[in-house]
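Student: sequence and predicted structure below; questions after.
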Amino acid sequence: MDVYVLLLRLQLRGSEGRSEPVAQALLSGPLALRNDAAIRYRMRNISAVVQELGGPILKDFSPAESVGKLVRPRIRAMLLDDPGFSHLLGPTPGPGDDDLGDAKKALAILRQQIEDLEVELAWRGHNGPPEQEDLGIQRTDLAAALDDIAVVEAELEKPQPDKAAVEAGTSRILGLALKLAKWVGERATKFVDAALVAGAPIAVAKVTGLLPTIINAVDAVSRVVGG
């Protein structure tokens, strides 16, 4: 469910890539014993329930013609309990008292994860085996994202943030998520390779873990400045 909502949020934020290979890659761990057809049908089941709820669906996963009577209520309950999905069902409310604090917290978490990945990339650059060096991003990408986070944070401290500056910063931060998603999709087969999973679990987890963190931060900032 988390993967579906994440990919849907990426799609609505402007991702033009296909979501199917990304989904297969992200699900390869928790659903390692299922084949591609089973994973695809599970995602189509979710699309069917999302459509019934009046929400947007992933383009790559058309709604399944039938969903099991026991499966449907479980999927529905999980979707409605997901804050990220509930946010997509209706109009975005105006900024509340806690929205600014939520945005600052989300940006702080994002900064910490990027700094952790930056350390990982530095270590792998010196010690990692060649076949595990390609993580789809460079340390310069991470440094640029950290600079953009600092810009957005500085604007949020102002009584009247510059909306254009905030939107430009969050757009560039979102670009990192889209780049990571594209990389994940292009390397879906690597994610299910036993040697890679066994040899580089920390790097893989940190790279894919950045995706929801970036989207959460961008959404939180958007609630403060609008957009």
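Tutor: That came through, no problem. Numbers count the residues shown, from 1 in each chain.
Student: SS state for the closest residue to residue 212 other than its chain neighbours?
Tutor: The shortest distance from residue 212 to any non-neighbouring residue, by CB to CB, 6 or more residues apart in numbering, is to residue 6 (5.2 Å). C-beta coordinates here come from the backbone N, C-alpha and C atoms, glycine included. Secondary structure, DSSP: H, G, I helix; E, B strand; the rest coil: residue 6 is helix.
Student: give the contact list for residue 6.
Tutor: By CB atoms under 8 Å, 6 or more residues apart in numbering, the residues touching residue 6 are 26, 84, 211-212, 215.
Student: could you chop the protein up by domain?
Tutor: What automatic domain parsing lists as the domains of the chain is 2-89, 99-225.
Student: which stretch in those domains has the least confidence?
Tutor: When those are compared by mean pLDDT, domain 99-225 comes last with a mean of 78.
Student: how many residues are close by residue 157?
Tutor: If you count neighbours by other CB atoms under 10 Å, residue 157 ends up with 9.
Student: now do residue 111
Tutor: The tally of other residues near residue 111 (other CB under 10 Å) stands at 17.
Student: name the nearest residue to it, ignoring sequence neighbours.
Tutor: residue 149 (5.3 Å).
Student: please, which helix or strand holds the one you found?
Tutor: Taking DSSP states H and E as the definition, residue 149 sits inside helix 139-156.
Student: tilt between the next helix or strand after that helix and helix 139-156?
Tutor: Per DSSP H and E, the first helix or strand lying C-terminal to helix 139-156 is helix 163-186. Between the axes of helix 163-186 and helix 139-156, defined by axes from the mean of the first three to the mean of the last three CA atoms, to 10 degrees, the angle is 150 degrees.
Student: buried sites along helix 163-186?
Tutor: Of the residues in helix 163-186, 166-167, 169-170, 172-178, 180-185 count as buried by neighbour count, 16 or more other CB atoms under 10 Å.
Student: how far is that helix from where the chain is centred?
Tutor: Relative to the centre of its chain, helix 163-186 is centred 10 Å away, using CA atoms, centre = their mean, to the nearest Å.
Student: counting by contacts, list what the longest helix along the chain packs against.
Tutor: For the chain, the longest helix by residue count, based on DSSP state H, is helix 99-127. Packed against helix 99-127 by the contact rule (3 or more CB pairs under 8 Å, 6 or more residues apart in numbering; DSSP states H and E) you find helix 139-156, helix 201-225.
Student: what sits up against the first one?
Tutor: Defining contact as CB under 8 Å, 6+ apart, one finds that helix 139-156 is touched by 100, 103-104, 107, 110-111, 114-115, 117-118, 121-122, 125, 161-162, 165-166, 169-170, 172-173, 176, 179, 217, 221, 224.
Student: any buried residues in that helix, and which?
Tutor: Going by neighbour count (16+ other CB under 10 Å), the buried part of helix 139-156 is 141-142, 145-146, 148-149, 151-153, 155-156.
Student: now stretch 49-69
Tutor: By 16+ other CB under 10 Å, the buried positions in stretch 49-69 come out as 49-50, 55, 57-58, 60-61, 63-64, 67.
Student: follow-up on the earlier one: let me know the closest of the contacts of residue 6 to residue 78.
Tutor: Residue 78 lies nearest to residue 84 out of the contacts of residue 6, by CB to CB, at 11.6 Å.
Student: next, the buried residues of the helix or strand encompassing that closest one.
Tutor: When elements are assigned from DSSP H and E, residue 84 belongs to helix 83-89. Neighbour counts over helix 83-89 (16+ other CB under 10 Å) mark 84-85, 88 as buried.
Student: could the residues you listed be laid out in JSON lines, adding distance to residue 71?
Tutor: Converted to JSON lines, those look like this (distance: CB to CB, whole Å):
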{"residue": "84", "distance to residue 71": "21"}
{"residue": "85", "distance to residue 71": "17"}
{"residue": "88", "distance to residue 71": "21"}
